[in-house]
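# Structure for this input, please:
(one chain, ligands or ions: 1)
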Amino acid sequence: MNRVYNFSAGPSILPESVLAKAAEEMLNYNGTGMSVMEMSHRSKAYTSIIENAESLLRKLMKIDDSYSILFVQGGASTQFSMIPMNLFSKYKKADFINTGNWSKKAISEAKLFGAANVAASSEDSNFTYIPEEYNLSQEVDYVHITSNNTLEGTRFVTFPDTGNVPLVADMSSEIMSREMDVNKFGLIYAGAQKNLGPAGLTIVIVKTDLIGKHLENTPTMLRYETHAKEKSLYNTPPCYSIYVAGLVFKWLDDMGGVKTIEKINNEKAAILYNFLDESKMFLNKVNRKDRSLMNVPFTAPTDELNEKFIKEAEQAGLCTLRGHRLIGGMRASIYNAMPVEGVIKLVDFMKKFELENK
Ligand code: PMP
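The predicted model follows:
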């Protein structure tokens, strides 16, 4: 079929069975005689698609009724400003743990609406670790973290204890990749285009009692209240992306849920990191205990070797391994949908490349 192993950071690989199911249902969804792309978001068929997606999401992440689930648009980047607009209810101030490029963007957007205090940062060492000490205040509306840092390849293995202050997490690049207690968070958000489905859909999981306290001039579309009240159908939602995300949720549920995929993700990451630790050519600069299970940056000793590696890997069907332009080198994103065989093939290729280029 000529499919490659796609290590893209996002949009990224989707489970093949999900793509096949979407293809099978493309022309005639469930006897409706039309594709999901063509149907009204208020039709009976679509209502069951969106409700089913929400209920599988709740099941997979064990989300109880005290949380609202919002299917919105605008990417995680829009949440950088929607979050302060909606949560700056008392102090108009938030604490941020700055662990990389995406944290920095969240910080600068929050500053448009109030104060963003950096309670800890790993910028001093190019974001190669996750700070352990934080200077958190009780007089802030929330604490924000980027739970997995897509560019830098780090993650919070455990999450900060913020007491009564809501913890807000950007989980764009790791949502549903490991088990976690949603009850620790006031709000979790993620763009769908890495672990959940196609671009265009952003998922917000928010404690319902945090909703409705938005800043006075918050536009209707940017209020969580609007989307919560209308069950994400205030306006036309990203219909097709929600449908495909629902298929991804079903794929994950059928295989045993987040617990099962976490085991597989640990296995995949171990294969790659174990090789990197042995290699005399390739280097991963991240503090070992903070290593991401999803995004693995690495470099060869010279720019020439990096370029040669990327080119030859592509020829071998191992694609999109170029690192982010801010970081350089290579990056293998090994999200939920990347099979173990893909990582084994990558490591075999790296071994061969190392031998050939000694
Ligand atoms: N946060 C993180 C952790 C990300 O990885 C990304 C996208 N790569 C974003 C935010 C921005 O997401 P979007 O493109 O959906 O706005």
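# for the closest residue to the ligand within the stretch 101-250 of the chain, what are its contacts?
Nearest residue of the stretch 101-250 of the chain to the ligand, counting by Cβ to the nearest ligand atom: G191, 2.9 Å away. Using the backbone N, CA and C atoms, a C-beta is placed for each residue, glycine as well. By Cβ atoms under 8 Å, 6 or more residues apart in numbering, G191 lies in contact with 10, 75-77, 172, 199, 201-202.
# which of the residues you listed are the two that sit furthest away from each other?
Maximum pairwise distance among those (Cβ to Cβ): 13.5 Å, between S77 and L201.
# Who has more neighbours out of those two?
Set S77 next to L201 and count neighbours by other Cβ atoms under 10 Å: L201 wins out with 26 against 15.
# Name all residues that make contact with the more buried one.
Listed by Cβ under 8 Å, 6+ apart, the contact partners of L201 are 71-73, 191-193, 237-238, 241-242, 245.
# among the residues you listed, which are in strands?
Among the contacts of L201, the members falling in strands (DSSP state E) are 71-72, 191.
# Which among the contacts of G191 count as buried?
Buried subset of the contacts of G191 (neighbour count, 16 or more other Cβ atoms under 10 Å): 10, 75-76, 172, 199, 201-202.
# List the ones among those residues that fall in helices.
In this view, the buried ones among the contacts of G191 that belong to helices under DSSP state H are 75-76.
# out of the buried ones among the contacts of G191, who's near the ligand?
Residues of the buried ones among the contacts of G191 in contact with the ligand (Cβ under 6 Å from any ligand atom): 10, 75-76, 172.
# would JSON lines of those residues with pLDDT and distance to R288 be doable?
Converted to JSON lines, those look like this (pLDDT from 0 to 100; distance: Cβ to Cβ, whole Å):
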{"residue": "G10", "pLDDT": "96", "distance to R288": "25"}
{"residue": "G75", "pLDDT": "98", "distance to R288": "31"}
{"residue": "A76", "pLDDT": "98", "distance to R288": "27"}
{"residue": "S172", "pLDDT": "98", "distance to R288": "23"}
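# hey, where'd the strands end up in the stretch 201-350 of the chain?
In the stretch 201-350 of the chain, the strands defined using DSSP state E, counting those that start in this stretch lie at 202-207, 295-298, 318-319, 330-333.
# Those into a markdown table, with extra columns for mean pLDDT?
Shown next, in a markdown table, are the strands of the stretch 201-350 of the chain (pLDDT from 0 to 100):
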| stretch | mean pLDDT |
| --- | --- |
| strand 202-207 | 98 |
| strand 295-298 | 98 |
| strand 318-319 | 98 |
| strand 330-333 | 98 |
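# Which of these sits closest to K308?
It's strand 330-333; of these, that one is closest to K308 (Cβ to Cβ) at 11.2 Å.
# quick check, that closest one touching the ligand?
No. Counting by Cβ under 6 Å from any ligand atom, the ligand is not contacted by strand 330-333; separation bottoms out at 9.6 Å.
# How far off centre is that strand?
With Cα atoms, centre = their mean, to the nearest Å as the basis, strand 330-333 stands 15 Å off its chain's centre.
# Who are the packing partners of that strand?
Secondary-structure packing of strand 330-333 (3 or more Cβ pairs under 8 Å, 6 or more residues apart in numbering; DSSP states H and E): strand 295-298, helix 303-315.
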